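1. A predicted structure for the sequence below; I have some questions about it.
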Amino acid sequence: MSEKNGDGKRTARQRLAVEREKQRSAEKRRRALIVGASVVCVLALAAVIGVIAANAGKNKASGSAGPVVAPSGALGKDSLAIPVGKDGAKSTLTVWEDFRCPACQAFEVAYRPTLHELVDAGKLRVEYHLVRLIDGNLGGTGSLRAANAAACAQDAGKFRDYHDTLYANQPKETDDAFASNAKLITLAGKVGGLDTPAFQKCVKAGTHDSWVDRSQKAFQGGGFSGTPTVLLGGKNIYQDQSMSPAKLKQMVESADQG
């Protein structure tokens with residue numbers, strides 16, 4: 001083999017090695033994005049989110065260009081919180097969540113029995129803030145559509161039951177099944193007395209779409225890093241590695257007795 005041919009083959013191999021490394025790097029980035037979104041529903045780049053939020057109203061399916069209509073009984077700044085529980089409860093849990101978010105579902109599965117127990121005992125009130133992070137991260141409108149439907153359920157006095165039903169039937173994060181109003185209405189059939197003409201009209205019209213968008217902007221403005229964000233007395237307890245349903249219960253009951 002001549003020195004010239006040898007050099008040529010080495011150069012070709014080097015080019016091939018560089019190309020393979022580029023492909024491996026691209027694949028690693030793709031997997032990291034998918035896995036990261038599955039483990040915790042984090043914020044995308046602020047610039048990307050900003051563009052999506054600005055263009056949300058242009059999406060005919062979202063209907064978010066309309067007036068901001070808060071659901072019945074919503075409270076707090078700009079009426080962005082849906083309360084579950086008695087006003088007199090000494091402890092308030094604030095939850096920022098996205099119905100497409102698997103980490104939010106994981107929180108629900110682990111903590112729901114305890115939350116229901118404490119709420120029903122009058123010791124805890126939960127204030128839910130509904131956002132649409134996954135729509136921005138992965139595309140689609142399922143977060144928005146589901147949040148709007150949940151707000152419609154709040155109008156009907158059925159928020160908690162429908163909220164739990166959505167998580168019990170959550171599709172895979174990459175499956176934008178909640179973008180279908182028909183599916184959301186079908187799920188309402190699992191909640192007694194919810195699937196009414198008024199509820200269906202609210203869902204199909206996107207009555208609360210702009211309210212959900214406002215909640216999303218408030219979430220971004222709050223500097224939170226992802227969903228779920230769970231605050232007890234203003235402290236982010238979801239970041240506490242030692243937190244558990246039992247520990248949360250002890251904290252709430254201690255406050256109730258004090």
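-> Everything's here; your move. None of the values given here were measured: they were computed from a predicted structure. Numbers count the residues shown, from 1 in each chain.
2. List the buried residues in stretch 189-198.
-> Taking 16 or more other Cβ atoms under 10 Å as the basis for neighbour counts, the residues of stretch 189-198 that come out buried are 191, 194, 195. All C-beta spots, glycine's among them, are computed from the backbone N, C-alpha and C.
3. can you redo the residues you listed as CSV with distance to residue 182 and pLDDT?
-> Supplementary listing: those in CSV, determined by distance: Cβ to Cβ, whole Å; pLDDT from 0 to 100:
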residue, distance to residue 182, pLDDT
191, 16, 98
194, 15, 98
195, 12, 98
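4. can you tell me which of those lies nearest to residue 245?
-> Checking the buried residues of stretch 189-198 against residue 245 by Cβ to Cβ gives residue 191 as the nearest, at 24.2 Å.
5. contacting residues for the closest one?
-> Residue 191 sits next to 153, 158, 161, 162, 165 when contact means Cβ atoms under 8 Å, 6 or more residues apart in numbering.
6. Need phi/psi at it.
-> Reported as degrees, to the nearest 10, the phi and psi values for residue 191 are phi -110, psi 120.
7. quick one: it from residue 163, how far?
-> As for residue 191, its distance to residue 163 is 10 Å (criterion: Cβ to Cβ, to the nearest Å).
8. would you turn the buried residues of stretch 189-198 into a markdown table with distance to residue 77?
-> As requested, those are arranged in a markdown table below (distance: Cβ to Cβ, whole Å):
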| residue | distance to residue 77 |
| --- | --- |
| 191 | 29 |
| 194 | 28 |
| 195 | 32 |
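9. and which of those is nearest residue 213?
-> Within the buried residues of stretch 189-198, the smallest distance to residue 213 is 23.8 Å, found for residue 194 (Cβ to Cβ).
10. Does the closest one belong to a helix, a strand or coil?
-> Local secondary structure at residue 194 is given as coil here, using DSSP: H, G, I helix; E, B strand; the rest coil.
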